[in-house]
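Chemist: Compute the structure for the input listed below.
(chains A, B, C and D)
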2 protein chains.
Amino acid sequence: MKPGPTAYVILGILNLGPHSGYDIKQLADLSTRHFWATSYGQIYPELKRLTESGLIKSEDASKGTRQRTLYHLTAKGKQTLHTWAADPAIQSLEIRDEMLLKLFFADAMSKKETVTHLEAMRRRHQQVAAGLREHEPMAAAQPHRMHHEVMKFGIAFHEWSADWFGKLAKDLESGREAKK
Amino acid sequence: MKPGPTAYVILGILNLGPHSGYDIKQLADLSTRHFWATSYGQIYPELKRLTESGLIKSEDASKGTRQRTLYHLTAKGKQTLHTWAADPAIQSLEIRDEMLLKLFFADAMSKKETVTHLEAMRRRHQQVAAGLREHEPMAAAQPHRMHHEVMKFGIAFHEWSADWFGKLAKDLESGREAKK
DNA sequence: GTGTGCATGTAAGGAGTTACATGATTGC
DNA sequence: GCAATCATGTAACTCCTTACATGCACAC
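Modeler: Numbers count the residues shown, from 1 in each chain, chains lettered A, B, ... in the order given. Sure, this is the predicted structure:
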């Protein structure tokens, strides 16, 4: 059983240093979340599998009676991570956007409802961009350039999207057609 | 059991006219695929469920011994579709991009590998945009404006992305830092 | 006569979410 | 004392993909 992308989220984070399952979740939420989300329900079982495969190793870091387990990459894990990352084969990109779906079927809406909907989409993208912006300083401060670049991509994408839907809303409202 | 977004793909397509399960798949692949993909494994069972819920109705359209079933919306189905579409509540947007994930963990790559990877990302987005472009005339020809607008958004998004990664690749290669 | 497209479906399995359960520590 | 946060995990469930199975019709 070869590891899926979620396993590589874990390996990638552990490549930055030893972390607990809890840590991994927090870090993923601050960084990879906007293009690859994870949950505890995936992380803990995956940590077990990766340990069994010898890609990571656990070490007890409990404090008193409070349990804590740190994981770190093994040489094999590091190797596996690198092999995966360096493989340039085109990988899947999947998007599931329910609002875009609603917009697509907007015949079922009045023009006014459509404009409202477009406004909501614009706001959503702006909010996501703002959320990412908050964490940007952190991404800028750490030494891994691509961490920051990927964050910048996320911000730029959501701002660009907000813009696009804002423009379409305006066009629709003013009744003009055709938009280059 | 309330219908999920995939059910609304079906309802939305049936709102355009009666179609078979096969038709629905073809149409979805040409239109909603880039932001909400579906497969036969979802469509056929869902058609059964929607029929049982009274949102759609089947009618036999076999030709000789060759089986064919057309489905069309009932009044209740039309109502359900409209209620869903008009609900402005912010809906989920999910992105899963394995290449972005690899890029994020690019510490595991050399600079040269990273540039190659960025180039691959650029090409991927260009290819997707080109694929959508092919279907654009069809989207432009039919009377539902939002069908075309959503298609235009897809094209613009992938072209914008291709551009972004192309620029980053150039920046990295020329060794310059900071990119506004 | 044969390959391509039309047409319908299912079974198995993988991936991921949600809700739940439990308990310790820290700061107010 | 109480709330928030740290910390680990599981069970049930939904959603979706993939692979398979079957067969007709039509154009070449």
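Chemist: mind listing what's buried in the helix or strand where A:E46 lies?
Modeler: Using DSSP states H and E, A:E46 maps to helix A:40-52. For helix A:40-52, the buried set under the neighbour-count rule, 16 or more other C-beta atoms under 10 Å in any protein chain shown, comprises A:42-43, A:46-47, A:50-51. C-beta here means a position set from N, CA and C on the backbone, and glycine is covered the same way.
Chemist: Among the residues you listed, which one lies nearest to B:D23?
Modeler: Minimum distance to B:D23 across those is 36.2 Å, recorded for A:Q42 (C-beta to C-beta).
Chemist: for the closest one, what are its contacts?
Modeler: A:T6 (C-beta atoms under 8 Å, 6 or more residues apart in numbering or on different chains).
Chemist: Kindly state the pLDDT recorded for it?
Modeler: Predicted confidence (pLDDT) for A:Q42: 98.
Chemist: what do you get for A:K78?
Modeler: 96.
Chemist: That one against A:N15, yeah?
Modeler: Yes: using C-beta atoms under 8 Å, A:K78 is in contact with A:N15, at 6.8 Å.
Chemist: Overlap in contacts, the two.
Modeler: B:A108.
Chemist: Going by neighbour count, list what's buried in the helix or strand harbouring A:W160.
Modeler: Here A:W160 sits within helix A:145-173, counting by DSSP H and E. Under the neighbour-count criterion of 16+ other C-beta under 10 Å, helix A:145-173 has A:145-155, A:157-162, A:164-166, A:168-169, A:171-172 buried.
Chemist: go on, stretch A:107-114?
Modeler: A:107-109, A:113-114.
Chemist: Determine if any part of the helix or strand hosting A:Q79 is in contact with DNA strand C.
Modeler: According to DSSP H and E, A:Q79 maps onto helix A:75-86. No: taking C-beta under 7 Å from any atom of the strand as the criterion, helix A:75-86 and DNA strand C are apart, separated by no less than 13.4 Å.
Chemist: Please state the offset of the following helix or strand past that helix from the chain centre?
Modeler: Sequence-wise, the next helix or strand downstream of helix A:75-86 (DSSP H and E) is strand A:93-97. Centroid separation for strand A:93-97 versus its chain: 12 Å, with C-alpha atoms, centre = their mean, to the nearest Å.
Chemist: could you check the angle helix A:145-173 makes with strand A:93-97?
Modeler: 40 degrees (axes from the mean of the first three to the mean of the last three C-alpha atoms, to 10 degrees).
Chemist: can strand A:93-97 be found next to chain B?
Modeler: Yes: interface with chain B: strand A:93-97 contributes A:93-97 (C-beta under 8 Å from any C-beta of the partner chain).
Chemist: What residues of that strand count as buried?
Modeler: A:93, A:95-97.
Chemist: The helix or strand that that strand is followed by - contacts with which helices or strands?
Modeler: Sequence-wise, the next helix or strand downstream of strand A:93-97 (DSSP H and E) is helix A:98-104. Packed against helix A:98-104 by the contact rule (3 or more C-beta pairs under 8 Å, 6 or more residues apart in numbering or on different chains; DSSP states H and E) you find helix A:111-141, helix B:5-14, helix B:145-173.
Chemist: Of all these, which one is nearest DNA strand D?
Modeler: helix B:5-14 (3.8 Å; C-beta to the nearest atom of the strand).
Chemist: That closest one near DNA strand C at all?
Modeler: No: Helix B:5-14 does not reach DNA strand C (C-beta under 7 Å from any atom of the strand); its nearest approach is 12.1 Å.
Chemist: tell me, how many neighbours does A:S20 end up with?
Modeler: If you count neighbours by other C-beta atoms under 10 Å in any protein chain shown, A:S20 ends up with 17.
Chemist: can you check A:L103 too?
Modeler: 24.
Chemist: Enumerate every residue touching it.
Modeler: Contacts of A:L103 by C-beta under 8 Å, 6+ apart are A:114, A:117-118, A:121, B:146, B:149-150.
Chemist: Was I right to think A:M109 contacts A:H117?
Modeler: Yes: under the criterion of C-beta under 8 Å, A:M109 makes contact with A:H117 at 6.8 Å.
Chemist: what do these two both touch?
Modeler: In contact with both A:M109 and A:H117: A:K102, using C-beta under 8 Å, 6+ apart.
Chemist: List the buried residues in stretch A:9-20.
Modeler: Buried-residue list, stretch A:9-20, by 16+ other C-beta under 10 Å: A:9-15, A:18-20.
Chemist: One more: stretch A:82-100?
Modeler: A:82, A:84-86, A:91, A:93, A:95-100.
Chemist: And those residues, which is closest to DNA strand D?
Modeler: Closest to DNA strand D, out of all of the buried residues of stretch A:82-100 and judged by C-beta to the nearest atom of the strand, is A:R96, at 6.1 Å.
Chemist: mind giving me the domain split of chain A?
Modeler: A:5-86, A:98-173 (automatic domain parsing).
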